[in-house]
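[1] Need coordinates for the below:
(2 chains)
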Amino acid sequence: MLVELIIAGFGGQGVMLMGQLLTYAGMKAGREVSWIPSYGPEMRGGTANCTVVLADEEIASPLPTEPNVIVVMNRPSLDKFAEKVKTGGKLFVNSSLVDKEVQRQDIEVIEVPANELALDLGIEKVANMVMLGAVVAKLGVVDLETVIDSLSEVLPAHRHNLLELNKKALQQGRELII
Amino acid sequence: MSDKILMKGNEAIAEAAIRAGCTHFFGYPITPQNELPAYMAEKLPEQGGVFLQAESEVAAINMVYGASAAGARVMTSSSSPGISLKAEGISYIAGAELPCVIVNMVRAGPGLGGIGPSQSDYFQATKGMAHGDFRLAVLAPDSVQEAVDLTRQAFDIADKYRNPVMILGDGVIGQMMEPVEFKEIDSPELPEKDWIVDGAEGRERNIIHSLRLKTEDLTEHNWKLARKYEQMQEDEVRYEEKLMDDAEVAIVAYGTTARVVKTAIKEARAEGIKVGLIRPISLFPFPKKVIKKAAQQVDCFLTVEMSTGQMVEDVRLAVNGERSVAFYGSPGGAVPSPAEILVKLKEVME
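    Just a heads-up that it's a prediction; the model follows:
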């Protein structure tokens, strides 16, 4: 098992947190894991991305050049990353914010209306967790329960009032897949 | 697995330093190492230590000088341009024989350069840090766990030799999160710090300085420092060998580049190419003996660096003309891909 994954979106959409939560859950599940952020002069509204590797063996390069999973939360990220998915890989698209069709036939494209599903829960800000719920359910390398258990350890204490909301958002994303 | 926590390299180094007994930190901000001082700012005062963001790098390194002279375990961190500003102070610290740990999360240069991961400060770290006949011990981790382990060792080496030690990383090592474990390790027996300046109550005063105007004094001092570096060559060499048993080619790489090389080697092995890795962990002292020995076994060497070619000179010195040493460089903040390395490897083997 080797998942090499990039998550990309606007700064402020919570893509770093998505990656960290997945990485943390992977560690809890006994996988080898690594997480690297893009650390350019990013700011709110600019683009941001992080790279996650989940593996059974020791991770050699933590910087995959041909990721087999890419998650795009907005249109600029789709334009930048759609071509980079390895043949046979998966591309998760936040269809709430991306209206462009993906032309590639050699990969699986999974559309997740993450912002709309988040709005159903009352707050658009958890669109990232909806998407992550869908990604985790689809990949099947880490249980969603482990991801949910990781929330309280990854989110800072002053955000713990939002644990339940984030849990619901993760479950909402899973519902879409199963 | 339960003892492991997920941490960024920068933060993990800071935590390891605190656990190693570091009580004082002086720094000045620069990307990509800011999480290190930020962590220190939060945690050191809680432990009764001192965190201070100085007005400049020059001030910070001279505060390190002072704290070390007073007997504290002390650290500073920066990135390339900031290290250049600290260079004068580092020379004084080495001249005064004071222990300290300096972290350099290298960014691409020269000048202000960029913030991408780079290995362009190898020469500076291992040979030409500043004026005067001195060396730093230089340790280059390739994972967050190794960064933690080496941070602990860095403080011990610094105290053992009364010499500054540098941890040399880059933005990948500093920004990457990996699981780490902070093992409880007993300190080796270290010499008593009977040279510190702490008030001289009831004893002769100690004087710490780097000014030696009498030629014979300075000559003697220079040879004394040289003997310390020779001792480091005997006792402090660190390296990793991977798949070298049957290797016909050896790739030499350190830090982040070595991680990418490991992927390239996996792919090359799958194609039947007998290639192994020699990864220097201590860049000074350089593992020249292991490379010299490998020259009796392999047909050729390939050195891969995120620079236009610096460590390759040390590899060539160790090989001493017995085999060819090729080079592949990826400067300017670009991390090489395993595919690029594989292409170069095949070219070298022809």
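
[2] and chain B, which of its residues are near chain A?
    B:1, B:4, B:6, B:31-32, B:115, B:171-172, B:175-179, B:259-260, B:262-263, B:265-266, B:335, B:337-339 (Cβ under 8 Å from any Cβ of the partner chain). In short, each C-beta sits where N, CA and C put it, glycine included.

[3] Tell me the residue of chain B that sits nearest chain A?
    Chain A sits closest to B:Lys262 of chain B, with a gap of 3.6 Å, by Cβ to the nearest Cβ.

[4] if I look at that residue, how far off is B:Gly199?
    52 Å (Cβ to Cβ, to the nearest Å).

[5] Settle it for me: which of these two has more neighbours?
    Each of B:Lys262 and B:Gly199 had its neighbours counted (other Cβ atoms under 10 Å in any protein chain shown), and the higher figure belongs to B:Lys262 (22 against 10).

[6] Now B:Cys22: which helix or strand?
    Assessed by DSSP states H and E, B:Cys22 sits outside every helix and strand.

[7] ok, it - contacts?
    By Cβ atoms under 8 Å, 6 or more residues apart in numbering or on different chains, the contact list for B:Cys22 reads B:Leu44, B:Gly49, B:Arg73, B:Val74, B:Met75, B:Val101, B:Phe155.

[8] what are the ranges of the strands in the chain?
    Here I'm looking at chain A. A:2-10, A:32-37, A:47-55, A:69-72, A:90-94, A:108-112 (DSSP state E).

[9] Correction: the question concerned chain B.
    Using DSSP E, strands in chain B cover B:5-8, B:24-27, B:50-53, B:74-78, B:100-106, B:137-139, B:164-170, B:177-180, B:239-242, B:249-252, B:275-280, B:282-284, B:300-305, B:324-329.

[10] May I see those organised as CSV, with mean pLDDT added?
    Shown next, in CSV, are the strands of chain B (pLDDT from 0 to 100):
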stretch, mean pLDDT
strand B:5-8, 96
strand B:24-27, 98
strand B:50-53, 98
strand B:74-78, 98
strand B:100-106, 98
strand B:137-139, 98
strand B:164-170, 98
strand B:177-180, 98
strand B:239-242, 98
strand B:249-252, 98
strand B:275-280, 98
strand B:282-284, 98
strand B:300-305, 98
strand B:324-329, 98
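
[11] For the residue of chain A found nearest chain B, grab the count of nearby residues.
    Per Cβ to the nearest Cβ, A:Ala60 is where chain A lies closest to chain B, at 3.6 Å. A:Ala60: 21 surrounding residues under other Cβ under 10 Å.

[12] How about it: what's its closest non-neighbour residue?
    Excluding the flanking residues, the one nearest A:Ala60 by Cβ to Cβ, 6 or more residues apart in numbering or on different chains is B:Lys262, at 3.6 Å.

[13] ok, that neighbour - contacts?
    Counting by Cβ under 8 Å, 6+ apart, the residues that B:Lys262 touches are A:Ala60, A:Ser61, B:Lys242, B:Leu277.

[14] Name the residues linked to the last one by a beta bridge.
    On DSSP bridges, the residues paired with B:Leu277 through beta bridges are B:Lys242, B:Ile251.

[15] my read: it touches B:Met244, true?
    Yes - B:Leu277 lies in contact with B:Met244 (Cβ atoms under 8 Å); the separation is 7.3 Å.

[16] The two: which is more packed in?
    The residue with more neighbours, out of B:Leu277 and B:Met244, is B:Leu277; 21 against 18, by other Cβ under 10 Å.

[17] Could you check how far that one is from B:Arg73?
    Counting by Cβ to Cβ, the gap from B:Leu277 to B:Arg73 is 33 Å.

[18] Also B:Asp142?
    Distance, B:Asp142 to B:Arg73, by Cβ to Cβ: 25 Å.

[19] neighbour-wise, which of these two wins?
    Legend: neighbour count by other Cβ under 10 Å for B:Asp142 and B:Arg73, higher for B:Asp142 (24 against 21).

[20] For that one, give me its contacts.
    With the criterion set at Cβ under 8 Å, 6+ apart, B:Asp142 makes contact with B:Ile173, B:Tyr254, B:Gly255, B:Thr256, B:Ala258, B:Arg259, B:Arg279, B:Ile281.

[21] who wins for most neighbours among these?
    That'd be B:Ile173 among the contacts of B:Asp142, by other Cβ under 10 Å, with 33 neighbours.

[22] who's in contact with it?
    Residues in contact with B:Ile173, defined by Cβ under 8 Å, 6+ apart, are B:Gly9, B:Met105, B:Pro117, B:Pro141, B:Asp142, B:Ser143, B:Val144, B:Ala147, B:Gly255, B:Thr256.

[23] Could you find the closest non-adjacent residue to the last one?
    The shortest distance from B:Thr256 to any residue that is not its chain neighbour, by Cβ to Cβ, 6+ apart, is 4.3 Å, and that residue is B:Val172.

[24] for chain A, what are the low-confidence residue spans?
    Scanning chain A for pLDDT under 70 picks out A:40-45.

[25] Close to chain B: what parts of it are there?
    Looking at chain B, the residues of chain A close enough under Cβ under 8 Å from any Cβ are A:20, A:23-24, A:27-28, A:30, A:33-37, A:39-41, A:59-63, A:65.

[26] Just give me the neighbour total for residue 112.
    Chain wasn't specified; assuming chain A. A:Val112 has 25 nearby residues by other Cβ under 10 Å.

[27] Sorry, I should have been clearer: chain B.
    10.

[28] Please apply the same query to A:Lys84.
    Quick note: A:Lys84 (other Cβ under 10 Å) scores 15 neighbours.

[29] residue contacts, it?
    A:Ile6, A:Glu66, A:Pro67, A:Ile70 are the contacts of A:Lys84 under Cβ under 8 Å, 6+ apart.

[30] switch to 10 Å and redo it
    A:Lys84 is in contact with A:Ile6, A:Ala8, A:Pro64, A:Thr65, A:Glu66, A:Pro67, A:Ile70, A:Leu91, counting by Cβ atoms under 10 Å, 6 or more residues apart in numbering or on different chains.
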